[in-house]
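Visitor: can't give you the sequence, but here's the structure:
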């Protein structure tokens with residue numbers, strides 16, 4: 001595990017690819033799975049569509065950075081790192097706002113998503129600090 005983390009730190013642009021693929025997976029899960037079974041998860045289709053659209057924007061940004069950014073990548077990584085943190089805060093807000101309707105499965109999904117994003121944010125911060 002530590003070796004794979006070091007591999008990402010050695011090639012910081014890989015973080016953008018990891019982030020972009022993760023955000024794309026989130027988009028697909030939210031839009032095609034959770035939205036289809038929204039009654040099971042307990043959130044409205046509109047809420048899931050907004051979260052999916054936001055995740056898609058993050059995916060496009062990160063994948064674009066992977067292919068287009070060569071210099072000054074730290075500032076671009078700081079932007080997506082901040083966006084990921086704000087997405088987690090937004091998700092927690094959605095959970096609290098919808099606490100009466102959301103099912104245990106919806107809570108489990110979003111807490112899992114927050115945990116994964118927090119891990120990526122940790123890796124992003126570590127990469128930024130290592131390259132200073």
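Guide: The structure has been received and is ready for your questions. Just so you know, these numbers come straight off a predicted model, no measurement behind them. Numbering: from 1, shown residues only.

Visitor: tell me the buried residues in the longest helix along the chain?
Guide: Longest helix of the chain, by residue count under DSSP state H: helix 104-130. Going by neighbour count (16 or more other C-beta atoms under 10 Å), the buried part of helix 104-130 is 106, 109-110, 113-114, 117, 120-121, 123-124, 127-128. Just so you know, the C-beta spots here come from the backbone N, C-alpha and C atoms, and that holds for glycine as well.

Visitor: need those in CSV (columns: distance to residue 39 and pLDDT).
Guide: Shown next, in CSV, are the buried residues of helix 104-130 (distance: C-beta to C-beta, whole Å; pLDDT from 0 to 100):
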residue, distance to residue 39, pLDDT
106, 10, 97
109, 14, 98
110, 16, 98
113, 19, 98
114, 22, 98
117, 25, 98
120, 30, 95
121, 31, 96
123, 35, 91
124, 35, 93
127, 40, 88
128, 41, 90
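
Visitor: ok, so of those, who is nearest residue 50?
Guide: If you rank those by distance to residue 50 using C-beta to C-beta, residue 110 comes first, at 13.8 Å.

Visitor: show me the shaky parts of this protein.
Guide: Scanning the chain for pLDDT under 70 picks out 1-2, 5-10, 132.

Visitor: assign the residue lying farthest from the centre of the chain to one of the three secondary structure states.
Guide: Computed with C-alpha atoms, centre = their mean, the residue of the chain farthest from its C-alpha average is residue 100, at 24.9 Å. Taken by DSSP: H, G, I helix; E, B strand; the rest coil, the conformation at residue 100 corresponds to coil.

Visitor: how near is it to residue 38?
Guide: For residue 100, the distance to residue 38 (C-beta to C-beta, to the nearest Å) stands at 15 Å.

Visitor: next one: residue 30
Guide: 10 Å.

Visitor: overlap in contacts of the two?
Guide: Shared contacts of residue 30 and residue 38, defined by C-beta atoms under 8 Å, 6 or more residues apart in numbering, comprise residue 48.

Visitor: those two: who's more crowded?
Guide: residue 30 (25 against 17; other C-beta atoms under 10 Å).

Visitor: how close does that one sit to residue 71?
Guide: 33 Å.

Visitor: for burial, what's the neighbour tally of residue 43?
Guide: 24.
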